[in-house]
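# Structure of the sequence below:
(2 chains)
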Amino acid sequence: MPSKEHKKAIDQGKDLFKEKMKISYKGPVDERILTVFGDYISSIDESYRNQGKKLFKIFFELAENLSSYSSEKVWLDSKNKSVGVGALILKENDSDFMLIAGNPVFDENIIPVIEKCEYINSLDRESLRKYKREERRRTPSARGNAHIGLIQIALTSANPLDIEITQVAENISYLSIAVKIDK
Amino acid sequence: MEDIVIKGSHKDYFIPSVNFNSQTGICELGGESFLEDTVEFYNPIISWLTEFTENVKKPLAFIIKLTYFNTSTSRCILDILNVLKDYEEAGGEVVINWHYDENDIDMEEDIEDYMIDTGLDINLIAFSNGTE
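Residues are numbered from 1 along each chain as shown, chains lettered A, B, ... in the order given. I've put the predicted structure just below:
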């Protein structure tokens, strides 16, 4: 007989398969994880090839965002650097795929993300493209990041960004961004 | 002027293939671009192009066959295209061909956005899946 804890884990595992869960992960998000998940996403289903490309692009942007801004970091000796810890979920529904990235974040970093998401969601596609061009031009390349990841995610998904914030500790909230890709 | 030849790879990071030839003026950038340090990778490429346009001054054909690039890379591509635009405005001969999957509407929009951003004419060359 499995222990109570083991039984619970078995049930959770079975649920993941029932829900057509493609990826359910919590842990450090470094490039090796991204590459494995990215290759898996690319090969999900040949009949959804275009959606697969979109999922691949969005997944990398969400994961890079998560790794950079997570308040929880872990030191990886093999890479001699710290990386952010977060949760990544990819689920297939009847009419869409859903990608969800979540991570704890210091409250001081939350407001700019909320404001940016709200602004992005208020724009139509042409305005969003214009906003991306402006932001890309504005950001010096020496910073190595155009800070246009969220804009690109919204453009690629062609759906609004669904953002949720939950206070989890003093000065720390859990930030979750869900993105839908229509089939 | 030395050529740049970088073999692309798809391992922990995605390194694009680079083949810049100063004799022929044909410069090709392809594959996927997701790098540990995007600026460190692209700075020598931008410097090479700047040197070519200032000293070699031959006709330049820039061929892009990127199938994926992240947003960090997208800014570096803008820097490359700005060098080419400056060359064209100074009287240099520049042709830019951007190959993309005919089903990749997002990539097509990206290329159009670069044209709006830089004022460059970019030849969009769509290919069917598996033909390139």
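
# Need phi/psi at the residue in chain B that chain A sits nearest to.
As assessed by CB to the nearest CB, chain A sits closest to B:Arg75 within chain B, at 4.1 Å. Bear in mind the C-beta positions are built from the backbone N, C-alpha and C, glycine included. B:Arg75 adopts backbone torsions of phi -70, psi -40, taken as degrees, to the nearest 10.

# wait, it sits on A:Arg136?
Yes - the criterion here is CB atoms under 8 Å, and B:Arg75 meets it with A:Arg136 at 5.6 Å.

# Who are the contact partners of B:Leu66?
B:Pro16, B:Leu29, B:Gly30, B:Gly31, B:Glu32, B:Ser33, B:Ile77 (CB atoms under 8 Å, 6 or more residues apart in numbering or on different chains).

# shaky segments in chain B?
Within chain B, the ranges that satisfy pLDDT under 70 run B:130-132.

# try 90
B:11-13, B:36-37, B:103, B:128-132 (pLDDT under 90).

# To which secondary structure element is A:Ser71 assigned?
Using DSSP states H and E, A:Ser71 is not contained in any helix or strand.

# Contact partners for it?
A:Ser71 sits next to A:Asn103, A:Pro104, A:Val105, A:Phe106, A:Ile172 when contact means CB under 8 Å, 6+ apart.

# Which one (most neighbours) among those residues?
Counting neighbours by other CB atoms under 10 Å in any protein chain shown, the top entry in these is A:Asn103, with 25 neighbours.

# Can you spell out which residues form a bridge with it?
Bridge pairing for A:Asn103 (DSSP bridges) gives the partners A:Leu175.

# Can you convert the contacts of B:Leu66 into CSV and add a column each for distance to chain A and neighbour count?
Shown next, in CSV, are those (distance: CB to the nearest CB, whole Å; neighbours: other CB atoms under 10 Å in any protein chain shown):
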residue, distance to chain A, neighbour count
B:Pro16, 15, 26
B:Leu29, 16, 24
B:Gly30, 17, 17
B:Gly31, 14, 19
B:Glu32, 9, 21
B:Ser33, 11, 25
B:Ile77, 9, 21
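
# Narrow the residues you listed to those in helices?
Mapping these onto helices (DSSP state H) picks out B:Ile77.
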